[in-house]
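Engineer: below are the sequence and a predicted model; questions follow.
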Amino acid sequence: MKNGVQKPWKKIKLKILFKVYGGTTPSTLEKRFWNGEIPWAIPTDITKKKNNMFLTDTDKKITEEAVKRCGLKIIPPNAVLLTSRATIGFACVNKIPVTINQGITALIPKDKEKTVSLFYAYYFSSLKTYLEQLAGGSTFKEVSRETLKNLLIPLPPLPEQRKIAEILGNVDEAIEKVEKIIEKTERIKKGLMRELLTRGTGHKEFKRTEIGTIPKEWKVVRLGDKNFFNVIMGQSPPSQTYNSNKEGLPFLQGKADFGEIYPSPKIYCSKPIKVAIKDDVLLSVRAPVGDVNLAPFKCCIGRGLAAIRTNKEKVEPLFLFYFLRFRHKSFVSLSTGSTFKAIKKETIENFSLPLPPLSEQKKIVEILMEVDKKLEMERKRKEKLEKLKKGLMEDLLTGKRRVRV
C-alpha cells in the first residue's frame, strides 16, 4: 500500500499456484472396488451443498484396491474441488481426504503461504458462466485440465484472501441458518396440515367414512356438489389475443405461472374464453397435475388449469386450497395419459373431501396462514442474504472493492 492506495492484484497462471488432478470411476462390475472406507466424490456431492463450501463426506465409498488398480489419487484435505464436466463451475474445499471421479478437477495448493483454498473455491464459483463458455465436447461439455492450468487467476495478498473468505463464509453461515429455519417450519407445517385437515381442532369423537376417519361433526362432500363448489375447466383463447401490454385480463396458462400461494401472470388476453374470479382455487390439470394456487383477481385460464369456485357461505376458499395441496398426490394418481398426464372434469368432480363447519374451516386456515407468514418472512430473508452474497462476490472476488486488513 502506498499513500493509502492498495496495489492492484497480480494475475498469474493457475498452474503456478495449484497442482491439477483429475479422477475416474472404478468399474461398477467389480464389487471389490466398492463399499470401502475411502470417500469418492462426484459432482452431485458438491452441487447439493448449496451454501456450504466444505465437503465433509461423500455418498459413495471405494476400497483401497480400487485406488491402486484404477490409478486414483487420494486428494489431501484443503484442496479446491471444481466440477468441470457436464455440470461445470461448482466448487468446494474438502475437509477430508477424498478420491474423485472424472467430473471433478482437484486443485491442490502448492504453497499454503500464498493461497487460501476457500477464497479460490468462492472465486471459481463466481466464474461459473465463464467456465461453461470455455468448455468443449459434443456429448458432455468439459473444461480440460490444460485449459484450467493456463487460466489467469488473481493472487491477492494472503491476508486479503483470508478476509474475503471470512466475509463470504459468514454470509453463507447466515443463509444456512435461515435455510434450517425454513426446513424446520416446513416440517411443522406439514405436521399441522396432516393433523388439522384430518382431525380438526379439539375433537374427541370421530367416525369412519369412505375417505378415512374424520371428526363426527364433519361432512364428506364431492367437488361436483353444486351446493358447495363449481368446477370450471380452462380453455386457451386464440394466440393472437395474447399480449404483454395489459390489454384484457391476466392470462394464466398453467403451473408455470404459480407462486407459493398466488400466481404471477406474465401475459394478458384481450378475448378471454374461460374466467376465474378472485378466491377461486386454481388446480393444475395438465402436466404437471395437482398443484394449486389461489386466484388473487379476475383472470383468464387456459386449458392447463381448472378453477374451483366455492360457495363462501359454506366453504372457505383457503380451506379448500390447503386441503387440495395436502392431497396433491391423489390428483397425480388419478391423472391419465401416456405422453402428457392430465385430469378430466368428471374425475375432479368425483373427488371427495372432508368439510368441517365454516367456523372451524376459518380457524384451521388462520393457524396455517400464520405458519405461511413465517415461511414467507424467512424466504424473503434468505433472498436478501443471497442478493447480498452475489453483490459481495462480484465486488470482492474481482478486486473492485478492496478489504482492509
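Structural biologist: Here it is on my side, so go on.
Engineer: Leu320 should be in a helix, yeah?
Structural biologist: Yes - counting by DSSP: H, G, I helix; E, B strand; the rest coil, Leu320 is part of a helix.
Engineer: for it, which non-adjacent residue is closest in space?
Structural biologist: Leaving out its chain neighbours, the residue that sits closest to Leu320 by Cβ to Cβ, 6 or more residues apart in numbering is Val281, at 5.1 Å. To be clear about C-beta, it is placed using only N, CA and C from the backbone, and glycine gets the same treatment.
Engineer: these two touch, right, that neighbour and Ile301?
Structural biologist: No - counting by Cβ atoms under 8 Å, Val281 stays clear of Ile301, with 11.6 Å between them.
Engineer: pull up the overlap in contacts between the two.
Structural biologist: Common contacts of Val281 and Ile301 (Cβ atoms under 8 Å, 6 or more residues apart in numbering): Ala307.
Engineer: of the two, who's got more company?
Structural biologist: Each of Val281 and Ile301 has its neighbours counted (other Cβ atoms under 10 Å); Ile301 has more, 33 against 27.
Engineer: which phi and psi values does that one adopt?
Structural biologist: Torsion angles at Ile301 (phi, psi; degrees, to the nearest 10) stand at phi -120, psi 130.
Engineer: that one pairs with what?
Structural biologist: Leu252 (DSSP bridges).
Engineer: so what's the residue count around the residue lying closest to Gly23 once chain neighbours are set aside?
Structural biologist: Once flanking residues are discounted, Gly23 sits nearest to Ile100: 3.4 Å by Cβ to Cβ, 6+ apart. When neighbours are defined as other Cβ under 10 Å, Ile100 has 30 of them.
Engineer: Ile100 and Ala41 touch, don't they?
Structural biologist: Yes - Ile100 is in contact with Ala41 according to Cβ under 8 Å; the separation is 4.9 Å.
Engineer: and for those two, which residues touch both?
Structural biologist: Taking Cβ under 8 Å, 6+ apart as the contact rule, Ile100 and Ala41 both touch 23, 81.
Engineer: per-residue pLDDT, the residue nearest to Gly23?
Structural biologist: We have a pLDDT of 97 for Ile100.
Engineer: what sits against it?
Structural biologist: So Ile100 contacts 21-23, 40-42, 72, 75, 81, 106 (Cβ under 8 Å, 6+ apart).
Engineer: same thing but at 6 Å, please
Structural biologist: Contact analysis of Ile100 by Cβ atoms under 6 Å, 6 or more residues apart in numbering lists 23, 41, 106.
Engineer: just confirm the first one contacts Asn101, I think it does.
Structural biologist: Yes - in this structure, Gly23 is within contact of Asn101 by Cβ atoms under 6 Å, at 4.9 Å.
Engineer: the more surrounded of these two?
Structural biologist: Neighbour count, other Cβ under 10 Å: between Gly23 and Asn101, Gly23 has more, with 22 against 18.
Engineer: need the strands for the stretch 301-405 of the chain, in chain order.
Structural biologist: All strands of the stretch 301-405 of the chain, identified by DSSP state E, counting those that start in this stretch, fall at 305-310, 352-355.
Engineer: of those strands, which is nearest Pro272?
Structural biologist: When the strands of the stretch 301-405 of the chain are compared by Cβ to Cβ, strand 305-310 sits nearest Pro272, at 12.0 Å.
Engineer: now stretch 240-252, how far from the centre of its chain.
Structural biologist: What separates the centre of stretch 240-252 from the centre of its chain is 29 Å, taken as Cα atoms, centre = their mean, to the nearest Å.
Engineer: cool, stretch 210-217 as well?
Structural biologist: With Cα atoms, centre = their mean, you get 35 Å for stretch 210-217.
Engineer: tell me the buried residues in it?
Structural biologist: 214-215 (16 or more other Cβ atoms under 10 Å).
Engineer: averaged pLDDT, that stretch. What do you get?
Structural biologist: 96.
Engineer: which residues touch it?
Structural biologist: For stretch 210-217, the surrounding residues in contact (Cβ under 6 Å, 6+ apart) are 200, 203, 205-207, 220, 352, 354.
Engineer: of all the residues you listed, which comes closest to Thr339?
Structural biologist: Taking Cβ to Cβ as the measure, Thr339 lies nearest Ser352 of the contacts of stretch 210-217, at 28.9 Å.
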